[in-house]
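K.L.:
next comes the sequence, and after it the predicted model I'd like to discuss.
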Amino acid sequence: MSPKFGLLGNLGGVRDTLWEHGILLNLGYVYEGATNAVGGTRTLARGAAQFTAKGLFDFEKMFGLEGGSGVVTLSQRHGRDLTLDAHLGTQTSVEEIYGRSRIWRLSQFWYDQKFGPWVDLKIGRMPSGDDFAGFACEFQLNALCGAPTGKIAGNYIYNFPVSQWATRLRVGTADTAYVQVGAYQVNPDNLVEGFSFNFSKGTGALILSEAGWFPKFGGSGYAGSYKVGGWYETSGGNDVYLNDRRLPFAQYRGQPLHHDGRNGLYFVGVQEVYRPDPANTVRNVSAFVRAVASDRDTSVYSAQVTSGLVYKGWCAERPNDWIGLGVGQTTPNPRAVEAIEQGNLINRTNRRMPAQERFVEAFYSIAVTDNVVVRPNIQYITRRATPEHKPDVVVFGLTSLITF
């Protein structure tokens, strides 16, 4: 059976022929626009976008290699970020698609081999969020989109579109339960180079482990997805408060105390809670909760918690339209806040301090066609006011997604 193709269709049978030989090619484009109604130093409208070209390869069809598959994805981001240009002063971006340099990237380049129904080995270049702490990106606010690990530890945990050399071993299945472990090279060169194959600039390894459970509850089989995991990063980082004599750095200067490793824990839970028609699994309400915490020795932001609801097919006449509501809070590391406060007082400076940030986004997703989606949204972010930044930010956004 052929997969569903995008706006370009079957291209006169070319795509069907490729799929018969194990090759599926997809193109995608995402545009996110935003304007600030409240907050910032001036009112602006900005937009950012991402183009992706993805190839999926079934090696069993191509070479008779049972259980083998591969993916190659190129991406390119462009545009401007309202968060930066309007000086909103928020920790999270109001356009999640912006960031990680406006360059072409090799975002995925991996081979996956299944050994029977229970063992799965993946190796190549991949973002950690593809396999660990995975979460759908349905909101435009960055804090509510994708794997939460990179939201507070983004200086060494890289989500899409940044990839790194890695391997992941999973035992179990995505239908019932699994345990998995992965190792990713930490290489800051990947932040500025889209096609870097240089191992020598790596600074360490990011080791992740995760357990997943996928139950079904009730007579209608309401589906759930629960993931709990943690990480340890070997290159380490500087203490946010102490110097190498274990005294407050702001007061006694010297060199920052260096820690040999960085670590954290996370939880991602999604649970179907309601169906208008118990027999129709497409139309449903799902609730989600995500929590992530990183070590307080090296992290500027130490925790983030998010939750929300997504109602897919809320209207029987519009079964592909969605409504979503997400809320959350990002908490700064009090040790980092104290260090900056001391530094500002001693040095008579006004260095910006990290502040607790609460946020809300509501969206309505309109399926114009099967391949064109328009998703207007409104975002509200509140944080402690500073001389440079107002406490409240209100943003009107619009996400557009096209599959070719």
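P.N.:
Ah, there it is. If you're wondering where the values come from, they're calculated on a predicted model, not measured in any experiment. Residues are numbered from 1 along each chain as shown.

K.L.:
contacting residues for the residue nearest the centre of the chain?
P.N.:
Centroid-nearest residue in the chain: residue 146, 2.9 Å away (criterion: CA atoms, centre = their mean). Neighbouring residues of residue 146 by CB atoms under 8 Å, 6 or more residues apart in numbering: 96, 129, 135, 136, 137, 159, 160. All C-beta atoms are positioned from the backbone trio N, CA, C, and that covers glycine.

K.L.:
what's around the last one, how many residues?
P.N.:
Just to be clear, that refers to residue 160. 22 (other CB atoms under 10 Å).

K.L.:
longest strand in the protein, by residue count?
P.N.:
strand 23-38 (DSSP state E).

K.L.:
export the next helix or strand after it as PDB, just CAs?
P.N.:
Following strand 23-38 in sequence order, the next helix or strand is strand 45-58 (DSSP states H and E). Extracted in PDB, the C-alpha atoms of strand 45-58 (Å, rounded to 0.1, in the frame of the first residue of the first chain):
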ATOM      1  CA  ALA A  45       5.800  41.600  13.200                       C
ATOM      2  CA  ARG A  46       8.300  38.900  12.500                       C
ATOM      3  CA  GLY A  47       8.400  35.500  10.800                       C
ATOM      4  CA  ALA A  48      10.700  32.500  10.700                       C
ATOM      5  CA  ALA A  49      10.600  29.400   8.700                       C
ATOM      6  CA  GLN A  50      12.100  26.000   8.100                       C
ATOM      7  CA  PHE A  51      12.400  23.900   4.900                       C
ATOM      8  CA  THR A  52      13.000  20.100   5.100                       C
ATOM      9  CA  ALA A  53      13.800  17.500   2.500                       C
ATOM     10  CA  LYS A  54      13.500  14.000   3.900                       C
ATOM     11  CA  GLY A  55      14.300  10.600   2.400                       C
ATOM     12  CA  LEU A  56      13.200   7.300   4.100                       C
ATOM     13  CA  PHE A  57      14.800   4.100   2.900                       C
ATOM     14  CA  ASP A  58      13.400   0.600   3.400                       C
END
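
K.L.:
quick one: average pLDDT of strand 45-58?
P.N.:
Averaging pLDDT along strand 45-58 yields 98.

K.L.:
any weak-confidence spans in the stretch 251-400 of the chain?
P.N.:
Within the stretch 251-400 of the chain, the set of residues satisfying pLDDT under 70 comprises 385-390.

K.L.:
again, only using 90
P.N.:
251-252, 278-282, 315-317, 339-355, 383-391 (pLDDT under 90).

K.L.:
tell me where it has helices.
P.N.:
Taking DSSP state H, counting those that start in this stretch, the helices of the stretch 251-400 of the chain run over residues 334-347.

K.L.:
all the strands of it, in order from the start?
P.N.:
Counting by DSSP state E, counting those that start in this stretch, the stretch 251-400 of the chain has these strands, from start to end: 256-259, 262-274, 284-294, 301-312, 322-332, 357-367, 372-383, 392-403.

K.L.:
can you check which of the ones you listed gets nearest to residue 223?
P.N.:
strand 262-274 (4.9 Å; CB to CB).

K.L.:
tabulate the strands of the stretch 251-400 of the chain (TSV), appending mean neighbour count.
P.N.:
Output for those, formatted as TSV (neighbours: other CB atoms under 10 Å):
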stretch	mean neighbour count
strand 256-259	15
strand 262-274	19
strand 284-294	20
strand 301-312	20
strand 322-332	19
strand 357-367	19
strand 372-383	20
strand 392-403	19
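
K.L.:
got CSV for those, with distance to residue 195 too?
P.N.:
Shown next, in CSV, are the strands of the stretch 251-400 of the chain (distance: least, CB to CB, whole Å):
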stretch, distance to residue 195
strand 256-259, 31
strand 262-274, 27
strand 284-294, 29
strand 301-312, 30
strand 322-332, 32
strand 357-367, 34
strand 372-383, 30
strand 392-403, 25
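
K.L.:
among the ones you listed, which comes closest to residue 188?
P.N.:
strand 262-274 (14.0 Å).
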